[in-house]
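[1] For reference, the sequence and a predicted model appear below.
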Amino acid sequence: MDNPVPFPQISSEAITVLAHYYRGELSRMISWRDRLDRTTNWAIGALAAMLSISLSSDEAHHAVLLFAMLLIHVLLVIEARRYRFFHVYRARVRLLEREYFAPLFSPAEPVIARVGLDALGADLREPRFTLTLRQAMARRLQRNYGWIFVVVLLAWLVKTTSSSTEGHPRLVHSLHEFLQNTAIAGIPGAAVVTGICLLYSWLVFVMIRYDLGDEDLGPGQVHV
């Protein structure tokens, strides 16, 4: 029979275990935070490339920007999945900082042994996501992707509400002309506009319906 792993017997051993555990959770949190930054960088890079292609000449088709919308939405879903993992490790780190290190460094009241850390033990026994995918999407839309979608929508409107006559750019003068500009091959312009309205309505719905508020963060506190 294998010998069981011994538990800390004295306070100094327990503190050593806690310090190493905190360092490990902090490392995992930073790793997932770096992955979030990478996905956002991909979205911004893709947007910049699509804007340069679409707005560089009058001959470039606005469908490039529609593809950019879909690509950014895919990246949003990927980043939301990563954010769910990040949020688990961030919550553990914040629990340790709030319930152990903060009373240790600046005790406001008598420190109670293991106060608040039972929740950490329960989470380690049965790890669970603390956010749904849509809640994570709402958080990333509020932080970064909402602005990215606004930029690509404005670029699409600039592209589709202007036309060139004899080499001179001008704005469209009627809804019919606008719908002609938004048409793609055999897809009528009305269908394209409806699809974009549905996409952005869905994004706004997610931001409002699944808003997390400030959680444990007050005004001016650090967040990601």
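    Done, it's in. Here the structure is a predicted model, which is why all the values come from computation and not from measurement.
[2] Is Val88 in contact with Leu120, as I believe?
    No - contact between Val88 and Leu120 fails when scored by CB atoms under 8 Å: they sit 11.5 Å apart. Glycine gets a C-beta too; all of them are placed from N, C-alpha and C.
[3] how deep is His61 tucked in, by neighbour count?
    Neighbour count for His61, taken as other CB atoms under 10 Å: 13.
[4] My error: substitute Tyr200 in the last question.
    With other CB under 10 Å as criterion, Tyr200 counts 14.
[5] OK, contacts around it?
    By CB atoms under 8 Å, 6 or more residues apart in numbering, the contact list for Tyr200 reads 149, 153.
[6] Check Met29 too.
    86, 89-90, 92-93.
[7] okay, how far is it across stretch 54-65, tip to tip?
    For stretch 54-65, the first-to-last residue distance is 7 Å (CA to CA, to the nearest Å).
[8] Check whether Ala60 sits in a helix, strand or coil.
    Put simply, Ala60 is coil when judged by DSSP: H, G, I helix; E, B strand; the rest coil.
[9] Touching, Tyr22 and Leu96? I think so.
    Yes - applying CB under 8 Å as the test, Tyr22 and Leu96 come out as touching, 5.3 Å apart.
[10] So if I had to pick from these two, which one is more boxed in?
    Legend: neighbour count by other CB under 10 Å for Tyr22 and Leu96, higher for Leu96 (19 against 16).
[11] Doesn't Val5 belong to a helix?
    No - assessed by three-state DSSP, Val5 does not belong to a helix; its assignment is coil.
[12] so how many other residues sit close to it?
    Val5, neighbours per other CB under 10 Å, totals 5.
[13] Ok, Arg33 next?
    There are 16 residues near Arg33, going by other CB under 10 Å.
[14] Now the nearest residue to it once chain neighbours are set aside: which helix or strand?
    Nearest residue to Arg33, sequence neighbours excluded (CB to CB, 6 or more residues apart in numbering): Phe86, at 5.9 Å. According to DSSP states H and E, Phe86 maps onto helix 63-96.
[15] Figure out the helix or strand that the closest residue in space to His62 that isn't next to it in sequence lives in.
    Distance criterion CB to CB, 6+ apart; nearest residue to His62, sequence neighbours excluded, is Lys159 at 4.3 Å. In the assignment (DSSP H and E), Lys159 maps to helix 146-160.
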